[in-house]
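Chemist: kindly generate the corresponding structure for this input.
(4 chains)
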Protein chains: 2
Amino acid sequence: MPDTRAPRRGRPTASSRADLEDAAAELFLERTYAATSVADITQRAGVSRTTFFNYFTAKSDVLWSTFDTHIGRLTECLADAAEGTPAMAAVRAAFLRVVAPIGPESVPWALTQQELMGTREVLESSGLRRFMEQAAVLRRFLAGRTGLPASDARVQSAAFAALGAVAAAAGAWAGDGVGRRPLRDYVDEALSPVCAGFDAAFDRSDERQAD
Amino acid sequence: MPDTRAPRRGRPTASSRADLEDAAAELFLERTYAATSVADITQRAGVSRTTFFNYFTAKSDVLWSTFDTHIGRLTECLADAAEGTPAMAAVRAAFLRVVAPIGPESVPWALTQQELMGTREVLESSGLRRFMEQAAVLRRFLAGRTGLPASDARVQSAAFAALGAVAAAAGAWAGDGVGRRPLRDYVDEALSPVCAGFDAAFDRSDERQAD
DNA sequence: CACAATTGATGTACGCGGTACATTTATTCC
DNA sequence: GGAATAAATGTACCGCGTACATCAATTGTG
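Modeler: Next comes the predicted model:
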């Protein structure tokens, strides 16, 4: 985003996130993620180790670069959702907007080549922080829409279920070969039944609350 | 479990997991989790740093000791589930069995005193590995019961939703004060709607599959 | 009782991730 | 030609986790 065409003040950036990502991807493929140190990455990219941490907050962030750029829009996409629609339907719409710009070509390597890179374990431990962050976003939204507390079990279940569906969709998307359709289609299919089911459940709870 | 009353062969254990847990709990309360090093813990417990890693594989494991001892039973409890019952009903029954022995008194400190100990963040990053492990267990079970592939979005959604409900229940349980009921009750309430909803959805998908 | 076998505890050394911070280099604005 | 700004570097450090060799205490056996 800071691709400010107009030259800003201080020293211009010599390297870029993309440079580091490329170098990292090469090395991960050559010797797996675990066997590649941050120093290795920066050495190949031709920068100092310190520079790496100017661009990423952790080694595992490299694997999540594309994800991180898109997922930030979830909050605003939720805010855009029409007031009248059921809560989970709004969640579904928001997710579809978020993943809309992700074409069939932009699959992260970390997903397609888990075994090769040995990233499965890291993806889990580092991905789950992100999972919880988005779960918190969804919980807040669902709480606002349903009137239930954010700590309510149904709210949390719905949030987790939605994220699980999206994760499953992403997995299927990455798993399909070159003939894969855009991610949006997978997410749509995965979320439909989940959202329908929970919206029905929330409706019932509304009735109960009205007592 | 290796509480073999009959004395085994080699040198007997001088310290114990419990000793280290106690020492750790003290220090976490005094200076938070982050500010406590493994060396601090072992020093207070009166053992060497190396010994810590004979009892735990990571510093964060201390927070999950009770959880880890119980959750291992999930797989067998699932296996015990009657064949005829719907898949998610079986999941619910299995979870209820797992948490049955957990009384109102055995709340882990890490949950009740998150702010004090500063464990929230660590609980997330270390807890999520466990979350995924159990999610995999549930996915395998649900896939077997429903005939769907373990990678199916509905299967994964159901697994995540169930775990989310259990997590929410545990949070509510820990959040309630001394008057809390046994964890079993919270889990029961949280899982009921989720399991009912997904079992219904799986039924519909069975019909569709029959086409 | 001596001695092997076993098993827990210790010490040492190291690699790596991540942080902090001071310093240098390159650019724009005045 | 400077300030001011911002990126890049160097250095030093801490703590987690691992590997591995060594020591210590116990049981069994001849």
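
Chemist: host element of the residue in chain A that DNA strand D sits nearest to?
Modeler: Closest to DNA strand D within chain A is A:Gly10: 1.7 Å, counting by CB to the nearest atom of the strand. For every residue, glycine as well, the C-beta is placed using N, CA and C. When elements are defined using DSSP states H and E, A:Gly10 is found to belong to no helix and no strand.

Chemist: over to the one 5 residues further on?
Modeler: Assigned by DSSP H and E, A:Ser15 belongs to neither a helix nor a strand.

Chemist: surely it is in contact with A:Ser48?
Modeler: No. Assessed by CB atoms under 8 Å, A:Ser15 is found out of contact with A:Ser48, at 9.8 Å.

Chemist: which residue of these two possesses the greater neighbour count?
Modeler: Taking other CB atoms under 10 Å in any protein chain shown, A:Ser15 and A:Ser48 do not tie; A:Ser15 has more neighbours (17 against 12).

Chemist: outline the domain layout of chain A.
Modeler: Structural domains annotated on chain A: A:17-56, A:63-210, as defined by automatic domain parsing.

Chemist: ok now the first one, how far from the chain's centre?
Modeler: From the chain centre to the centre of domain A:17-56 is a distance of 21 Å (CA atoms, centre = their mean, to the nearest Å).

Chemist: do the same with stretch A:94-107
Modeler: 10 Å.

Chemist: so what touches it?
Modeler: For stretch A:94-107, the external contacting residues (CB atoms under 8 Å, 6 or more residues apart in numbering or on different chains) are A:66, A:70-71, A:73-74, A:77-78, A:80-81, A:162, A:166, A:173-174, A:178, A:180-184, A:187-188, A:191.

Chemist: what comes up buried for it?
Modeler: Across stretch A:94-107, burial judged by 16 or more other CB atoms under 10 Å in any protein chain shown covers A:Ala94, A:Phe95, A:Leu96, A:Arg97, A:Val98, A:Val99, A:Ile102, A:Val107.

Chemist: could you check how far the fifth one is from A:Ala167?
Modeler: Distance of A:Val98 to A:Ala167, computed by CB to CB, to the nearest Å: 13 Å.

Chemist: and for the second one?
Modeler: From A:Phe95 across to A:Ala167, the span is 11 Å (CB to CB).

Chemist: rewinding a little: could the domains of chain A be laid out in CSV, adding mean pLDDT and distance to B:Val137?
Modeler: Converted to CSV, these look like this (pLDDT from 0 to 100; distance: least, CB to CB, whole Å):
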stretch, mean pLDDT, distance to B:Val137
domain A:17-56, 94, 25
domain A:63-210, 84, 14
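
Chemist: redo those domains as JSON lines? Include distance to B:Glu26.
Modeler: Formatted as JSON lines, those follow (distance: least, CB to CB, whole Å):
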{"stretch": "domain A:17-56", "distance to B:Glu26": "34"}
{"stretch": "domain A:63-210", "distance to B:Glu26": "28"}
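
Chemist: now distance to DNA strand D too, for the ones you listed, in TSV please.
Modeler: Below are the domains of chain A laid out as TSV (distance: least, CB to the nearest atom of the strand, whole Å):
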stretch	distance to DNA strand D
domain A:17-56	4
domain A:63-210	10
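
Chemist: for B:Asp61, find the nearest of those domains.
Modeler: domain A:63-210 (13.6 Å; CB to CB).

Chemist: which positions in chain A make contact with chain B?
Modeler: A:124-125, A:128-129, A:131-132, A:135, A:151-165, A:167-169, A:171-172, A:175, A:186, A:189-190, A:193-194, A:197-198, A:200-201, A:205 (CB under 8 Å from any CB of the partner chain).

Chemist: among those, which ones are in helices?
Modeler: A:124-125, A:128-129, A:131-132, A:135, A:153-165, A:167-169, A:171-172, A:175, A:186, A:189-190, A:193-194, A:197-198, A:200-201, A:205 (DSSP state H).

Chemist: residues contacting stretch A:176-194, please?
Modeler: Applying CB under 8 Å, 6+ apart, the set of residues contacting stretch A:176-194 from outside is A:88, A:91-92, A:95-96, A:99-100, A:102-104, A:107, A:158, A:161-162, A:165-166, A:168-170, A:172-173, B:153-154, B:157, B:161, B:201, B:205.

Chemist: quick one: buried residues of it?
Modeler: A:Arg180, A:Pro182, A:Leu183, A:Arg184, A:Tyr186, A:Val187, A:Glu189, A:Ala190, A:Leu191, A:Pro193, A:Val194.

Chemist: got the CA positions of that stretch in PDB?
Modeler: Taking Å, rounded to 0.1, in the frame of the first residue of the first chain, the C-alpha atoms of stretch A:176-194 are listed here in PDB:
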ATOM      1  CA  ASP A 176      -7.100 -28.500  -6.400                       C
ATOM      2  CA  GLY A 177      -4.600 -28.300  -9.200                       C
ATOM      3  CA  VAL A 178      -4.200 -25.700 -11.900                       C
ATOM      4  CA  GLY A 179      -7.900 -26.100 -12.900                       C
ATOM      5  CA  ARG A 180      -9.000 -24.500  -9.700                       C
ATOM      6  CA  ARG A 181     -11.800 -22.000  -9.700                       C
ATOM      7  CA  PRO A 182     -11.400 -18.700  -7.800                       C
ATOM      8  CA  LEU A 183     -11.300 -18.900  -4.100                       C
ATOM      9  CA  ARG A 184     -14.600 -17.100  -3.800                       C
ATOM     10  CA  ASP A 185     -16.500 -20.100  -5.200                       C
ATOM     11  CA  TYR A 186     -15.000 -22.500  -2.600                       C
ATOM     12  CA  VAL A 187     -15.700 -20.100   0.300                       C
ATOM     13  CA  ASP A 188     -19.300 -19.600  -0.900                       C
ATOM     14  CA  GLU A 189     -20.000 -23.300  -1.000                       C
ATOM     15  CA  ALA A 190     -18.400 -23.900   2.300                       C
ATOM     16  CA  LEU A 191     -20.100 -21.100   4.200                       C
ATOM     17  CA  SER A 192     -23.600 -21.600   2.900                       C
ATOM     18  CA  PRO A 193     -24.800 -24.500   5.000                       C
ATOM     19  CA  VAL A 194     -23.000 -23.200   8.100                       C
END
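
Chemist: residues touching the residue sitting nearest the centre point of chain A, list them.
Modeler: Compute the mean C-alpha point of chain A, and by CA atoms, centre = their mean the closest residue is A:Phe67, 4.2 Å away. Applying CB under 8 Å, 6+ apart to A:Phe67 gives the contacts A:Pro108, A:Arg130.

Chemist: what residues sit buried inside the helix or strand hosting it?
Modeler: In the assignment (DSSP H and E), A:Phe67 maps to helix A:65-71. Under the neighbour-count criterion of 16+ other CB under 10 Å, helix A:65-71 has A:Ser65, A:Phe67, A:Ile71 buried.
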